[in-house]
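Using only what follows, build the 3D model:
(one chain, ligands or ions: 1)
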Amino acid sequence: MIIREETPEDASAVRKVVEAAFARTAEADLVEALRDAGDGVMSLVAEVGGELAGHILFSKLQAPDRCIALAPVSVTPSRQNQGIGSMLIREGLARAKRDGWQAVFLLGEPEYYRRFGFSVEAAAKFETEYPKAYFMARALVGRALEERAGAVVYAPPFQALG
Ligand SMILES: CC(C)(COP(=O)(O)OP(=O)(O)OC[C@H]1O[C@@H](n2cnc3c(N)ncnc32)[C@H](O)[C@@H]1OP(=O)(O)O)[C@@H](O)C(=O)NCCC(=O)NCCS
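Sure thing, here's the model as predicted:
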């Protein structure tokens, strides 16, 4: 398996992977809207046997400063449960840390994301319009979350997802 940065030629294959993973178009539309608006921070793909099998996107947050959002992460249904999602998340977090980002927020299943160091507790003091039971955070640098507070404001294209 290869994990690499998405290139412009990947756009239609990424759309297929995201649509297949979520069995609807909303998340694929979100990926494109974030890309078009310049709100993407990092977009990685997983290639298996020369085919695109997974994708992950990190996007800018309007607040807190120097923090980013992880969403969505998608793996082609026939390739799920083979470690591809985990590789994308681990590689993405390592690159984000290397690039100087301070913390990552996401909305997701705690049972899955706990293994990557995310917790509901770390995000608890931050304000969000999303359900707190699924709202998680992970610091990339020391006390980044202790040093921040207030609302977590996603990039505008997230509003369309509802
Ligand atoms: C969630 C997803 C990205 C995980 O990728 P993956 O490559 O299948 O996962 P991995 O092989 O790295 O990890 C498999 C583990 O994750 C668990 N897992 C997968 N989806 C899960 C979910 N929604 N909730 C809880 N656990 C989940 C599996 O049970 C398995 O657990 P185990 O290691 O204890 O056996 C992938 O299943 C997917 O694309 N799902 C549909 C889209 C989605 O829900 N994306 C996440 C929200 S942004």
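
what sits against the closest residue to Lys125 other than its chain neighbours?
With C-beta to C-beta, 6 or more residues apart in numbering as the criterion, Lys125 has its nearest non-adjacent residue at 6.1 Å, and that residue is Ala149. For every residue, glycine as well, the C-beta is placed using N, CA and C. For Ala149, the contacting residues are Pro64, Lys125, Phe126, by C-beta atoms under 8 Å, 6 or more residues apart in numbering.

quick one: which of those is nearest the ligand?
Within those, the smallest distance to the ligand is 18.5 Å, found for Phe126 (C-beta to the nearest ligand atom).

Report how many residues lie close to the residue nearest to the closest one when sequence neighbours are not counted.
Here the nearest residue to Phe126 in space, its sequence neighbours aside, is Val152; by C-beta to C-beta, 6+ apart that works out to 4.9 Å. For Val152, the count of nearby residues is 21 (other C-beta atoms under 10 Å).

same check, this time on Val104
The burial count for Val104: 27, using other C-beta under 10 Å.

State whether Ile89 and Leu57 are indeed in contact, as I suppose.
No - contact between Ile89 and Leu57 fails when scored by C-beta atoms under 8 Å: they sit 11.5 Å apart.

Just grab the bridge partners of Met136 for me.
Leu106 (DSSP bridges).

Next: Ser74.
Bridge pairing for Ser74 - DSSP bridges - gives His55.

And the pLDDT for it?
pLDDT, Ser74: 98.

And for Glu19?
At Glu19, pLDDT is 98.

what about it, helix or strand, and which?
Applying DSSP states H and E as the criterion places Glu19 in helix 11-22.

List the buried residues in that helix.
Residues Ala13, Val14, Arg15, Val17, Val18, Glu19, Ala21 are the ones in helix 11-22 that count as buried (16 or more other C-beta atoms under 10 Å).

and if you look at stretch 111-127?
Tyr113, Phe116, Gly117, Phe118, Ala122, Ala123, Phe126.

try stretch 46-63
Residues Ala46, Glu47, Leu52, Ala53, Gly54, His55, Ile56, Leu57, Phe58, Ser59, Lys60, Leu61 are the ones in stretch 46-63 that count as buried (16+ other C-beta under 10 Å).

now Met87, nearest residue through space, not along the chain?
With C-beta to C-beta, 6+ apart, the residue lying closest to Met87 is Ile3, at 5.8 Å.

can you dump the C-alpha coordinates of the helix or strand containing that neighbour into PDB?
Taking DSSP H and E as the criterion, Ile3 maps to strand 2-5. Extracted in PDB, the C-alpha atoms of strand 2-5 (Å, rounded to 0.1, in the frame of the first residue of the first chain):
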ATOM      1  CA  ILE A   2       1.200   3.500  -0.800                       C
ATOM      2  CA  ILE A   3       0.000   6.600   1.000                       C
ATOM      3  CA  ARG A   4       0.700   9.800  -0.900                       C
ATOM      4  CA  GLU A   5      -0.600  13.300  -1.500                       C
END
